[in-house]
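Colleague: One predicted model, sequence on top.
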Amino acid sequence: MGTCRVCKREADERRGGVCWDCATDGERRALQRSILQHLLSAVANVPRRQWFGVRCDVTWAWQRLTRTGYYKPGGICEREYGIRV
């Protein structure tokens, strides 16, 4: 039990301090980024030393460019979030 950092509601389970609904919304917004937006986000995370965010954005930029991983046809983006690349 705890409070979500984003919506301030009580949550039985949390991912990184946020409830599942807020975490899913954040992931959906992140996966809608273009290749350039992913790379800019990665660069912005370097001074903040958010290395996990840097790694995710660089990986997602590469996957979006090559249409592999999350961004492959029928992949997580399309299947779970309805995002077509």
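Modeller: Yep, it's here.
Colleague: Quick one: find the helix or strand in this structure with the lowest mean pLDDT.
Modeller: Within the chain, confidence by mean pLDDT, DSSP states H and E is lowest for strand 14-15 among all helices and strands, at a mean of 74.
Colleague: Can you give the strand pairings for that strand, parallel or anti for each?
Modeller: Here the strand partners of strand 14-15, with direction, are listed using DSSP bridges: strand 18-19 (antiparallel).
Colleague: Can you tell me what sits against the partner strand?
Modeller: Outside strand 18-19, the residues that touch it by CB atoms under 8 Å, 6 or more residues apart in numbering are 4, 5, 6, 7, 9, 11, 13, 26. C-beta coordinates here come from the backbone N, C-alpha and C atoms, glycine included.
Colleague: what pLDDT, on average, does the next helix or strand after that strand get?
Modeller: Downstream of strand 18-19, the first helix or strand assigned by DSSP states H and E is helix 20-31. For helix 20-31, the mean pLDDT works out to 87.
Colleague: State the next helix or strand along the chain beyond helix 20-31.
Modeller: Moving toward the C-terminus from helix 20-31, the first helix or strand encountered (DSSP H and E) is helix 35-45.
Colleague: Tell me, how many residues neighbour residue 55?
Modeller: 12 (other CB atoms under 10 Å).
Colleague: The one 5 residues further on too?
Modeller: Residue 60 has 23 neighbours, counted by other CB under 10 Å.
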